[in-house]
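A.B. asks: Build me a model:
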Amino acid sequence: MNSAEWIAKADKYVMKTYGRYPLVPVRGEGCRLWDADGKEYLDFLGGVAVNNLGHCHPRVVAALQQQAATLIHCSNYYHIPQQIELAELLCSHSFADKAFFCNSGAEANEAAIKLARKYSRDTFGLERYEIITAAESFHGRTMATVSATGQEKVQKFFDPLLHGFRHVPFDDVPALAAAISPNTCAVMLEPIQGEGGVNVPSPGYFQAVRQLCDEHNLLLIFDEVQVGMGRTGKLFAHEHFGVTPDIMTLAKALAGGAPIGTMLARDAVAAAFSPGTHGSTFGGNPLVTAAALATVRTILEEGILNRTEEIGDYLLGELEMLKGKYPFVTEVRGIGLMIGMGLAFPAGDIVKKGLERGVLLNVTHDTVLRFVPPLVVTKQEIDRMIVILDGILAEITP
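C.D. replies: Reported below is the predicted structural model:
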């Protein structure tokens, strides 16, 4: 079937929860995708920061193939060796002592919300349940994570929202301090806001947040679903800011494209979860944890983190060059390969033109081009993308 035939069948059978582009990917390798018509694309969206090792990385493919031929799934009523190994690997490279596995970022954030409330209930009593999050944040599509998200466009169809969340401006310490009440149990933030427009906090912001949490006995939760797993040149983005959370969530890039979510926590906090308080049928099954083990080991063993820092600086410089050339480019910001280019107008048409010319771009927050390519992207592939983007921007009359 060609692309048009696939799209017609999708229109008939698939719910329209996405504003899909007319692209039907059927094969991927590294930073490239091919559609059902054989056209090649350079992928600077990376599955929305999922394909950090590129499409079909050999170590991830081999791990999936071997595990699929051995044991795909078993119940979490039993001990799963691959899950245990992954928990050990993540804890040994982070602040955490314990891990909980699920299937997505939203589920990982749901687990973090539940754990924070359970810990606070056990420790301080029934009235400490509120969680402070940031305006323009994005934490998922379930009812709890929609309620936690600080974007009206995500929430507006689903009233009444879950009670117990307060939103304050990101990177605003006085606003956060003013929002803390006797009912507050935790603060949940993204180290860098992704869906909110690739917003990077000011120096010292997270140190001040950590200090407030310590002063008020609040848990600090970092949502690293999008920015974790090497995306910024560190294994976890919060390492850039010299601050340690009490709970952290991961998903997207953790298993090289296989669906997984993880919540990590300190022992004292994790102890609030006992048998029956939380769970997930598919969470951490042998297949996906085998893929995650291969992914994390590749990131740690093959110089991916240092390379991401270097290649991210190169991409940032090339985008800064375009900013100097086009006055309607308002800002270029980011860390590693988590980069946003702010424009003075909506960027949707730029994404469409990129698709036509063989490069996959992304717009977030309406006016921000977000660049989250695979961490294995080369300078030559960046140069090719820049030439295409430069051509598109040259055609714009603001």
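A.B. asks: Can you pull the poorly scored residue ranges out of the chain?
C.D. replies: 398 (pLDDT under 70).
A.B. asks: I'd say R166 and Y129 touch.
C.D. replies: No - counting by Cβ atoms under 8 Å, R166 stays clear of Y129, with 11.3 Å between them. Any C-beta I mention is one placed from the backbone N, CA and C, and that applies to glycine too.
A.B. asks: Give me the more crowded residue out of the two.
C.D. replies: Neighbours of R166 and Y129, each counted by other Cβ atoms under 10 Å, are more numerous for Y129; the result is 20 against 16.
A.B. asks: List the contacts of that one.
C.D. replies: By Cβ atoms under 8 Å, 6 or more residues apart in numbering, Y129 lies in contact with 117, 120-121, 164, 183, 185.
A.B. asks: Please repeat the previous calculation with a cut-off of 6 Å.
C.D. replies: Going by Cβ atoms under 6 Å, 6 or more residues apart in numbering, Y129 touches 117, 164, 185.
A.B. asks: so the second one touches I132, yeah?
C.D. replies: No - when contacts are counted by Cβ atoms under 6 Å, G164 is not listed as touching I132 (10.2 Å).
A.B. asks: Who has more neighbours out of those two?
C.D. replies: Legend: neighbour count by other Cβ under 10 Å for G164 and I132, higher for I132 (24 against 16).
A.B. asks: Check the gap between the more buried one and R266 for me.
C.D. replies: Counting by Cβ to Cβ, to the nearest Å, the separation of I132 from R266 is 19 Å.
A.B. asks: List phi and psi for the closest residue to V372 other than its chain neighbours.
C.D. replies: Distances taken as Cβ to Cβ, 6 or more residues apart in numbering place A49 nearest to V372, at 4.2 Å, with adjacent residues excluded. Taking degrees, to the nearest 10, you get phi 60, psi 30 for the backbone angles of A49.
A.B. asks: Neighbours of A49, how many?
C.D. replies: Using other Cβ under 10 Å, A49 has 25 neighbouring residues.
A.B. asks: One more: Q193?
C.D. replies: By the criterion of other Cβ under 10 Å, Q193 has 26 neighbours.
A.B. asks: repeat for G30
C.D. replies: Using other Cβ under 10 Å, G30 is surrounded by 18 other residues.
A.B. asks: what's the answer for E331, then?
C.D. replies: Neighbours around E331, by other Cβ under 10 Å: 13.
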